[in-house]
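In: Pasting the sequence and the predicted coordinates here, then a few questions.
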2 protein chains.
Amino acid sequence: MELLKQRILTEGQVLDNKILKVDSFLNHQIDPVLMQQIGEEFARRFHGETITKILTIEASGIAVALATGMILKVPIVFARKVKSATMNEELLTTKVHSYTKGITSDVAVSRKFLPPDENVLIVDDFLANGEAALGLARIVQQAGCRLVGVGIVIEKAFQPGLSKLLAAGLRVESLARIASFEDGNVNFV
Amino acid sequence: MELLKQRILTEGQVLDNKILKVDSFLNHQIDPVLMQQIGEEFARRFHGETITKILTIEASGIAVALATGMILKVPIVFARKVKSATMNEELLTTKVHSYTKGITSDVAVSRKFLPPDENVLIVDDFLANGEAALGLARIVQQAGCRLVGVGIVIEKAFQPGLSKLLAAGLRVESLARIASFEDGNVNFV
């Protein structure tokens, strides 16, 4: 997705040649016009697939999911990293490790929002080690739903996330694929 | 907002006559069609005001902010409850207490996304004790921005949030105002 790559090149900051900071348009400040285009691009990539629900994880995935849900006109569900006071039903849970934050979180979705007949598209802002996407895939499996695929805004292709998702038999669509960071610059695949 | 009230009446669950659970369309599962209508309604209520940025707090506020930002075509910023590993710039911070969760969180926004010339609209999913909205208002004040007002999806009018915001001189627009809970039912103002 050319527009996205341009924004990464002009606004992205590479920290320590390993973290890409895109907080001016994707995950702290969010550009709603770009986000709408991201939603349209996921709809285009998964065109022809039956999608009845979009699943993501709080917090940065919510905007990506909502933009996609608005285009596809299907509900979105975001997994919570901590159990909310109002989550009193049966939960689907798994553990997700964040290498960036160095913590493992319990992640939960109310089972009632993933009945077995759903066709679920997972979306998230980043794919690096694949922990979040694999955690969401485990939840879809626990729910007995069909997993249509995984839509990623920015994939760090030099990290093992994609291989793990492909090994699990998942279809993955990434809108920008980063091959490497080099002297603070971004090289795309 | 009639459509929202209908959803609250048909899908909302009242817990212990004090918590309203609307996780089927607002803050766990999200209905993107309703969310777009919520964005349109905030745009209508604040029509004529100059708004250059929308500010909210993770996680449930993000969808409300994005929907509103898509209509108004202005960037949104969400305050983070914990310092992110990539937040390395100067931060605007405050403490926000959640009565529902029984915890006080440090909330942070990167100063660069709130330069002093911004006209900021705060939005959030709920107004009860007003802690989150007042915390966001303090951040806008620290930033030296103009605060246009506060847009709330569901206001629990029997709790002190609104009075506190009005006492602080803020304009508040709530799309559904709940007068009381009674035997598990919702009475609107």
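Out: Alright, I've got the coordinates.
In: So which residue is dead centre in chain A?
Out: For chain A, the residue nearest the mean C-alpha position is residue A:124 (1.1 Å; Cα atoms, centre = their mean).
In: What segments of chain A are helices?
Out: With helices called from DSSP state H, chain A shows them at A:2-11, A:32-45, A:61-72, A:131-143, A:161-167.
In: Buried ones in the last one, by neighbour count?
Out: The neighbour-count check on helix A:161-167 (16 or more other Cβ atoms under 10 Å in any protein chain shown) flags A:161, A:162, A:164, A:165 as buried. In short, each C-beta sits where N, CA and C put it, glycine included.
In: Looks like the second one contacts residue A:170 (just checking).
Out: Pointing back at residue A:162 there. No: using Cβ atoms under 8 Å, residue A:162 is not in contact with residue A:170; the gap is 9.6 Å.
In: that older thread, so which of the helices of chain A has the densest surroundings on average?
Out: Highest mean neighbour count of the helices of chain A: helix A:61-72, a mean of 27 (counted as mean count of other Cβ atoms under 10 Å in any protein chain shown).
In: For that one, enumerate the helices and strands it packs against.
Out: helix A:32-45, strand A:53-57, strand A:76-79, strand A:119-127, strand A:146-156, strand B:29-30, helix B:32-45, helix B:61-72 (3 or more Cβ pairs under 8 Å, 6 or more residues apart in numbering or on different chains; DSSP states H and E).
In: In JSON lines: those, plus distance to residue B:182 and mean pLDDT.
Out: Converted to JSON lines, the helices and strands packed on helix A:61-72 look like this (distance: least, Cβ to Cβ, whole Å; pLDDT from 0 to 100):
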{"stretch": "helix A:32-45", "distance to residue B:182": "39", "mean pLDDT": "98"}
{"stretch": "strand A:53-57", "distance to residue B:182": "34", "mean pLDDT": "98"}
{"stretch": "strand A:76-79", "distance to residue B:182": "30", "mean pLDDT": "98"}
{"stretch": "strand A:119-127", "distance to residue B:182": "38", "mean pLDDT": "98"}
{"stretch": "strand A:146-156", "distance to residue B:182": "42", "mean pLDDT": "98"}
{"stretch": "strand B:29-30", "distance to residue B:182": "26", "mean pLDDT": "98"}
{"stretch": "helix B:32-45", "distance to residue B:182": "25", "mean pLDDT": "98"}
{"stretch": "helix B:61-72", "distance to residue B:182": "27", "mean pLDDT": "98"}
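In: Turn those into a markdown table, columns for distance to residue A:111.
Out: Converted to a markdown table, the helices and strands packed on helix A:61-72 look like this (distance: least, Cβ to Cβ, whole Å):
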| stretch | distance to residue A:111 |
| --- | --- |
| helix A:32-45 | 25 |
| strand A:53-57 | 13 |
| strand A:76-79 | 11 |
| strand A:119-127 | 13 |
| strand A:146-156 | 16 |
| strand B:29-30 | 12 |
| helix B:32-45 | 21 |
| helix B:61-72 | 21 |
